[in-house]
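Visitor: Here's a sequence, model it:
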Amino acid sequence: MKKQVYYLLFTLILLIFTSSCSSHISTNLDKDNFQKYFSAATVEIYQHEQDIPTHHQLIGVVEGQDCQEKSHHAEPDKINARTKARQQAFKKQANGIVFTGCAELSSEQLAQLSQSSDAQQCHAITICYGKAYFVEVEASTDNEE
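Guide: So this is what the prediction gives:
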């Protein structure tokens, strides 16, 4: 009889434990996260508009920023700013971009630009500007058999 009580108690505890673990589990493995992360990779960078090999259409101007929020954080990075501009171009359904320039502003320059130091959100910032294009994709001439 004592064995049955232990068996019942063990089963009950196991049941409570497994039911508590079966609640909704949330992860960052989301399709939208992957699409956002890899969206910049689908936007090809061209040095000049003349370098675009096929017919293309200007969609608009985009910009990307990388902000150093505190002085002890990593310095703003041109690569991150350009990646954010490419993501913005992707959102506008562009598949090509020509960067027109990047600007790096220090904390002193930002302080001069802002009316009050409380309004300043970044210690330093890098901003990259570009023109987003829709580039027609050439049809493949390879005959794969």
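
Visitor: from here on, contacts and neighbour counts on C-alpha atoms
Guide: OK.

Visitor: I figured residue 133 hits residue 54, correct?
Guide: No - between residue 133 and residue 54 there is no contact under CA atoms under 8 Å: 11.3 Å.

Visitor: out of the two, which sits in the more crowded spot?
Guide: Neighbours were counted for residue 133 and for residue 54 using other CA atoms under 10 Å; residue 133 has more, 25 against 11.

Visitor: list the contacts for the more buried one?
Guide: Applying CA atoms under 8 Å, 6 or more residues apart in numbering to residue 133 gives the contacts 56-60, 89, 94-97.

Visitor: Most neighbours among the residues you listed, which one is it?
Guide: Counting neighbours by other CA under 10 Å, the top entry in the contacts of residue 133 is residue 97, with 31 neighbours.

Visitor: how far away is that residue from residue 74?
Guide: Here residue 97 is placed at a distance of 26 Å from residue 74 (CA to CA, to the nearest Å).

Visitor: Take the contacts of residue 133 and write them to JSON lines, including distance to residue 7, secondary structure and pLDDT.
Guide: Formatted as JSON lines, the contacts of residue 133 follow (distance: CA to CA, whole Å; DSSP: H, G, I helix; E, B strand; the rest coil; pLDDT from 0 to 100):
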{"residue": "56", "distance to residue 7": "73", "secondary structure": "strand", "pLDDT": "94"}
{"residue": "57", "distance to residue 7": "73", "secondary structure": "strand", "pLDDT": "95"}
{"residue": "58", "distance to residue 7": "73", "secondary structure": "strand", "pLDDT": "96"}
{"residue": "59", "distance to residue 7": "70", "secondary structure": "strand", "pLDDT": "96"}
{"residue": "60", "distance to residue 7": "70", "secondary structure": "strand", "pLDDT": "96"}
{"residue": "89", "distance to residue 7": "63", "secondary structure": "helix", "pLDDT": "96"}
{"residue": "94", "distance to residue 7": "64", "secondary structure": "coil", "pLDDT": "95"}
{"residue": "95", "distance to residue 7": "64", "secondary structure": "coil", "pLDDT": "94"}
{"residue": "96", "distance to residue 7": "66", "secondary structure": "strand", "pLDDT": "96"}
{"residue": "97", "distance to residue 7": "68", "secondary structure": "strand", "pLDDT": "97"}
